[in-house]
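Chemist: for reference, the sequence and a predicted model appear below.
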Amino acid sequence: MNIHEKRVDNLSATCWDIFNNYGGYDYNDEMLYQLQGLQDSIDECSDDAVKFGDKAWEGMVEEAETTYTWFLHIKKIRELQESIPESLYC
């Protein structure tokens, strides 16, 4: 496993961890779509790596990092939603 493939694998695993810990509610379906799309891209990249070698994984890193960044934003949103203080005036 080359360094780029390992980076993609780690980012994907981290996205799954975020989904498992912060999924549900408003973002559950969107998170699942992102994970499925990332996995489809990883599978396609694996096929391309047979023809193009490690170069295929270099391009995949950017896609995985973008997906990971999206998951970090959703995680932050969920953390903020869960930490809203009680309202004094209803």
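Modeler: Cool, the structure landed.

Chemist: most residues in a single helix of the protein, which one?
Modeler: helix 55-82 (DSSP state H).

Chemist: for it, packing partners?
Modeler: Helices and strands touching helix 55-82, by 3 or more CB pairs under 8 Å, 6 or more residues apart in numbering; DSSP states H and E, are helix 3-22, helix 28-52. Yep, even glycine has a C-beta here, placed from its N, CA and C like the rest.

Chemist: which of the ones you listed sits most buried?
Modeler: Sort these by mean neighbour count, taking mean count of other CB atoms under 10 Å, and helix 3-22 sits at the top with a mean of 16.

Chemist: who does that helix touch, helix- and strand-wise?
Modeler: helix 28-52, helix 55-82.

Chemist: quick one: it to helix 55-82, angle?
Modeler: When axes from the mean of the first three to the mean of the last three CA atoms, to 10 degrees is applied, the directions of helix 3-22 and helix 55-82 differ by 20 degrees.

Chemist: average pLDDT across helix 3-22?
Modeler: Per-region confidence: helix 3-22 scores 96 on mean pLDDT.

Chemist: got a list of contacts for that helix?
Modeler: 1, 31-32, 34-35, 38-39, 42, 45, 49, 54, 57-58, 60-61, 64-65, 67-68, 71-72, 74-75, 78-79 (CB atoms under 8 Å, 6 or more residues apart in numbering).

Chemist: show me the contacts for C45.
Modeler: Applying CB under 8 Å, 6+ apart, the residues near C45 are 8, 56-57, 59-60.

Chemist: count of neighbours near the closest residue to Q34 other than its chain neighbours?
Modeler: Spatial nearest neighbour of Q34, excluding adjacent residues (CB to CB, 6 or more residues apart in numbering): T67 at 5.7 Å. By the criterion of other CB atoms under 10 Å, T67 has 20 neighbours.
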